[in-house]
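Novice: How does the following fold in three dimensions:
(chains A, B and C)
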Amino acid sequence: MNYWLLKSEPGVFSIDDLEKEKVTIWDGVRNYQARNFLRAMQVGDLAFFYHSSTGTPGIVGLCRVLETGIADPSQFDPGSPYFDSRSTVDNPRWWTVRVGFLEKFEPMLSLRLLRQKFSPDELALLRRGSRLSVMPVAAEVAQRIIALRG
DNA sequence: GCCAACGTTGGC
DNA sequence: GCCAACGTTGGC
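Specialist: Numbering: from 1, shown residues only, chains lettered A, B, ... in the order given. Take a look at the predicted model:
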């Protein structure tokens, strides 16, 4: 099983939204490297949920990959901010997964705390200029993150 | 293929 | 709001 980290701005979609909805399609990723990580996900993988661009950024929970190989529906929707006119139903450009809520971390594991506990080498999130919204987390590091939660 | 210009991300 | 870092675009 593999571990991942998924970023979301809580003003757009938060861990509380996922807890309420239970399941969601992780749509809107428009970066090829991030897309490739989404395509590498397997059912049963676990993903940390990260809140970005907010007062206290950090890991706020855990979710599970429930379904893979989903063509991101928002790429076909002209009314969506994620619409991509280069995509066709026959030849989609953007792929994603369905994830399910597992747990909310209370308290959250702030970026500040993560920087204290992990090195940039261990956690890509902490690397200078890291902007990827989907990234892998090494199993050993993931276990240590899980052990830190409340 | 190069690279300048531009847009976006995201912490602070 | 600032700005560094990064990705994408498009002229050449």
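
Novice: do stretch A:51-65 and DNA strand B meet?
Specialist: Yes. Stretch A:51-65 is in contact with DNA strand B by CB under 7 Å from any atom of the strand, via A:Ser52, A:Ser53, A:Thr54, A:Pro57. (Each C-beta comes from the backbone N, C-alpha and C, glycine too.)

Novice: List the ones among those residues that fall in strands.
Specialist: Taking DSSP state E, every one of the residues of stretch A:51-65 next to DNA strand B sits outside strands.

Novice: closest to DNA strand C among those?
Specialist: Of all the residues of stretch A:51-65 next to DNA strand B, A:Ser53 has the smallest distance to DNA strand C: 8.0 Å, by CB to the nearest atom of the strand.

Novice: And for that closest one, the neighbour number?
Specialist: Applying other CB atoms under 10 Å, we find 11 residues neighbouring A:Ser53.

Novice: got the contact list for the closest residue to it other than its chain neighbours?
Specialist: Spatial nearest neighbour of A:Ser53, chain neighbours left out: A:Glu9 (4.7 Å); criterion: CB to CB, 6 or more residues apart in numbering. Going by CB atoms under 8 Å, 6 or more residues apart in numbering, A:Glu9 touches A:His51, A:Ser52, A:Ser53, A:Thr54.

Novice: go on, A:Ala138?
Specialist: Counting by CB under 8 Å, 6+ apart, A:Ala138 touches A:Tyr3, A:Glu122.

Novice: quick one on the thing from earlier: do you know the pLDDT at the residue nearest to A:Ser53?
Specialist: With respect to pLDDT, A:Glu9 scores 97.

Novice: Render the CA-only coordinates of stretch A:101-119 in PDB, please.
Specialist: Output of stretch A:101-119 as PDB, limited to C-alpha atoms (Å, rounded to 0.1, in the frame of the first residue of the first chain):
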ATOM      1  CA  PHE A 101     -13.100  10.200   4.600                       C
ATOM      2  CA  LEU A 102     -11.300   8.100   7.300                       C
ATOM      3  CA  GLU A 103     -10.500  10.500  10.100                       C
ATOM      4  CA  LYS A 104      -9.900  14.100  11.100                       C
ATOM      5  CA  PHE A 105      -6.700  14.900  13.000                       C
ATOM      6  CA  GLU A 106      -7.500  16.900  16.200                       C
ATOM      7  CA  PRO A 107      -5.400  18.800  16.700                       C
ATOM      8  CA  MET A 108      -4.100  19.200  13.200                       C
ATOM      9  CA  LEU A 109      -0.500  18.600  12.500                       C
ATOM     10  CA  SER A 110       0.600  22.100  11.500                       C
ATOM     11  CA  LEU A 111       3.200  22.800   8.800                       C
ATOM     12  CA  ARG A 112       5.300  24.300  11.600                       C
ATOM     13  CA  LEU A 113       5.200  21.100  13.600                       C
ATOM     14  CA  LEU A 114       5.900  19.000  10.500                       C
ATOM     15  CA  ARG A 115       9.000  21.100   9.800                       C
ATOM     16  CA  GLN A 116      10.200  20.300  13.400                       C
ATOM     17  CA  LYS A 117       9.600  16.600  13.000                       C
ATOM     18  CA  PHE A 118      10.700  15.900   9.400                       C
ATOM     19  CA  SER A 119      13.400  17.000   7.000                       C
END
